[in-house]
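# kindly generate the corresponding structure for this input.
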Amino acid sequence: MGEEEGAESDRGGAVRRSSWGTVLVSEPVVTTVWLELVGLAVAGVAALVGWLFGWLPEPALVATLVGMASFGPAVERYRAGRPPRGRAVAAAFLTLATVALSLAAATNWALPPTADQGIGLVVGYVVGMPAGVAVLVRSLDPPDAG
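Got it, this is the predicted structure:
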């Protein structure tokens with residue numbers, strides 16, 4: 001259940017880790033998505049209020065604020081993880097950067113009028129944050145006792 005096949009801890013083999021399906025529905029990933037949705041809602045309300053006064057926030061600012069609001073579960077998971085944690089953090093940041101930049105490029109290619117407005121950056125970070133947290137959870141997941 002939720003474990004990868006071929007990993008045998010009783011014979012001194014490879015370490016068992018949770019499957020990706022289990023990781024994707026884990027509490028840190030789900031909480032990250034909810035916090036992002038709340039952050040986007042707050043940014044949307046701020047944009048509507050600002051629009052009434054002739055001000056619209058920069059998409060990079062929205063991406064930064066949504067990212068800052070949603071990285072709490074990753075920090076908690078990092079603190080709960082056992083050392084060494086450097087590789088897990090590096091893998092999570094590389095995943096975040098790869099997903100965010102790939103989706104930003106795809107969004108800017110698919111919707112050229114929005115390319116100047118930086119909407120691709122927001123889309124990339126909104127999808128990249130849960131992906132990075134999933135990699136972090138997977139990397140810091142303690143091995144099953146048996």
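# low pLDDT regions in this structure?
1-25, 114-117, 142-146 (pLDDT under 70).
# tell me, what residue is most central in it?
Met129 (1.9 Å; Cα atoms, centre = their mean).
# residues in contact with that residue?
The neighbours of Met129, taking Cβ atoms under 8 Å, 6 or more residues apart in numbering as the test, are 32, 36, 66-67, 70-71, 96. Quick note: C-beta positions are derived from backbone N, CA and C, even for glycine.
# over to Arg82. Which of the three states is it?
Here Arg82 is coil, with the state taken from DSSP: H, G, I helix; E, B strand; the rest coil.
# please report phi then psi for it.
Per-residue torsions, Arg82: phi -90, psi 150 (degrees, to the nearest 10).
# touching, Ile119 and Thr107? I think so.
Yes. Contact criterion Cβ atoms under 8 Å: Ile119 and Thr107 qualify, at 6.3 Å.
# helix, strand or coil for Leu136?
helix.
# hey, C-alpha coordinates of stretch 61-78 in PDB?
Once non-C-alpha atoms are left out, stretch 61-78 reads as follows in PDB (Å, rounded to 0.1, in the frame of the first residue of the first chain):
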ATOM      1  CA  LEU A  61       4.700  40.700  -7.200                       C
ATOM      2  CA  VAL A  62       1.600  38.400  -7.200                       C
ATOM      3  CA  ALA A  63       3.900  35.400  -7.900                       C
ATOM      4  CA  THR A  64       6.200  36.400  -5.000                       C
ATOM      5  CA  LEU A  65       3.400  37.000  -2.600                       C
ATOM      6  CA  VAL A  66       1.600  33.700  -3.500                       C
ATOM      7  CA  GLY A  67       4.900  31.800  -3.200                       C
ATOM      8  CA  MET A  68       5.700  33.400   0.200                       C
ATOM      9  CA  ALA A  69       2.200  32.600   1.500                       C
ATOM     10  CA  SER A  70       2.400  29.000   0.500                       C
ATOM     11  CA  PHE A  71       5.900  27.900   1.500                       C
ATOM     12  CA  GLY A  72       4.900  27.200   5.100                       C
ATOM     13  CA  PRO A  73       4.200  23.500   4.700                       C
ATOM     14  CA  ALA A  74       7.600  23.100   3.000                       C
ATOM     15  CA  VAL A  75       9.400  24.700   5.900                       C
ATOM     16  CA  GLU A  76       7.500  22.500   8.400                       C
ATOM     17  CA  ARG A  77       8.400  19.400   6.400                       C
ATOM     18  CA  TYR A  78      12.100  20.500   6.200                       C
END
